[in-house]
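[1] Here's a sequence, model it:
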Amino acid sequence: MRVNKAGGFTLIESVVVIVLLGTIAAKALPQFVNVTDAAHHANAAAMAGAVRSAATLVKATYVVKGRAGVQNNVNGFGSNNVDVNAFGYPVDTTSTNPTNNATINANKCLRVWNGVLDNAPTITTGTSTAFDYRAQAVTVAGTGLSLHL
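    Residues are numbered from 1 along each chain as shown. Modelled structure (predicted):
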């Protein structure tokens with residue numbers, strides 16, 4: 001007498017496996033979303049660090065060249081058109097009047113971003129999602145400059 005053994009899984013075994021895979025997926029999916037958010041925040045922090053480093057290099061150039069006060073067109077950055085405030089930090093790239101360098105706004109932040117970074121990611125002062133970052137000006141005591149991403 002031959003016993004016929006069917007190959008494969010029973011319906012119950014298949015349902016158990018599907019339920020287990022669904023449970024694992026439900027637990028893992030939020031982790032992947034968090035990783036994406038964390039990566040975006042890390043990228044923004046890295047870009048902010050790059051801008052801070054570039055601003056520090058502009059100030060170092062300002063100090064090494066013996067400059068004092070508000071200056072236009074500090075050579076060595078961007079198209080040699082980076083303008084600095086009285087502290088030596090970059091505040092604009094299009095100023096023709098040195099007294100305009102005393103203040104900072106979102107549009108000036110955008111121009112500084114593009115002026116001190118090579119191949120900078122796209123940035124806007126509006127709310128469009130077509131850009132990588134959004135600039136907002138925030139004044140920091142002692143520097144007169146900050147870029148909020």
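
[2] Packing partners of whatever helix or strand residue 13 lives in?
    For residue 13, the host element (DSSP states H and E) is helix 11-64. Taking 3 or more Cβ pairs under 8 Å, 6 or more residues apart in numbering; DSSP states H and E as the contact definition, the neighbouring helices and strands of helix 11-64 are strand 71-74, strand 82-84, strand 90-92, helix 106-116. (Glycine included, C-beta is placed from N, CA and C.)

[3] can you tell me which of the ones you listed comes nearest to residue 57?
    Closest to residue 57 of the helices and strands packed on helix 11-64 is helix 106-116 (Cβ to Cβ; 7.8 Å).

[4] what sits up against whichever helix or strand comes after the closest one?
    Per DSSP H and E, the first helix or strand lying C-terminal to helix 106-116 is strand 123-124. Applying Cβ atoms under 8 Å, 6 or more residues apart in numbering, the contact partners of strand 123-124 are 110, 113, 114, 130, 131, 132, 133, 134, 135.

[5] Looking at those residues, which gets the smallest pLDDT?
    In terms of pLDDT, residue 135 ranks lowest among the contacts of strand 123-124, with 70.
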